[in-house]
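Colleague: Have a look; sequence and predicted model below, questions after that.
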Amino acid sequence: MPSKDEKERRKQIHRELAKKEQEDFIKSLPIDQTLFLELFDYLDLQLGRQGCNHDYSITNDFLKSKGINIGKVFDWFQEHGGYCDCEILNNIEEMFEK
């Protein structure tokens, strides 16, 4: 059985790894984190009104209104499980809650 010091050392390593993982995630974002949060709110509102067409039409409108280069953003979405508007809200938003 690990000692108390060993348990604390393992907890510290876990915290450091989690912090590094979060930092790497933030660095990988193709747009500012605050824009993602705005997008999630916008998607939540618009999907509640009109549902999902299983494409990026709502996200595309949002990003264009912000002057964002959509190509690299959509590539990032697909790499992380966001293949349409509703999947961005369901899969990508979850990543920001960690």
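Modeller: Thanks, I have the structure now.
Colleague: Mind naming the longest helix for the protein?
Modeller: helix 4-28 (DSSP state H).
Colleague: For the helix or strand that that helix is followed by, the averaged confidence score.
Modeller: Downstream of helix 4-28, the next assigned helix or strand under DSSP states H and E is helix 33-50. The average pLDDT for helix 33-50 rounds to 96.
Colleague: same question, stretch 90-98
Modeller: Rounded mean pLDDT across stretch 90-98 is 87.
Colleague: chain center to that stretch, what's the gap?
Modeller: In this view, stretch 90-98 has its centroid 5 Å away from the chain centroid, taken as Cα atoms, centre = their mean, to the nearest Å.
Colleague: how about the CA coordinates for that stretch, as CSV?
Modeller: Taking Å, rounded to 0.1, in the frame of the first residue of the first chain, the C-alpha atoms of stretch 90-98 are listed here in CSV:
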residue,chain,number,x,y,z
ASN,A,90,-23.1,18.3,-28.0
ASN,A,91,-19.5,17.2,-28.5
ILE,A,92,-17.4,20.3,-28.7
GLU,A,93,-19.0,22.3,-25.9
GLU,A,94,-18.5,19.3,-23.6
MET,A,95,-14.7,19.7,-24.1
PHE,A,96,-14.9,23.2,-22.6
GLU,A,97,-16.6,22.1,-19.5
LYS,A,98,-13.6,20.1,-18.3
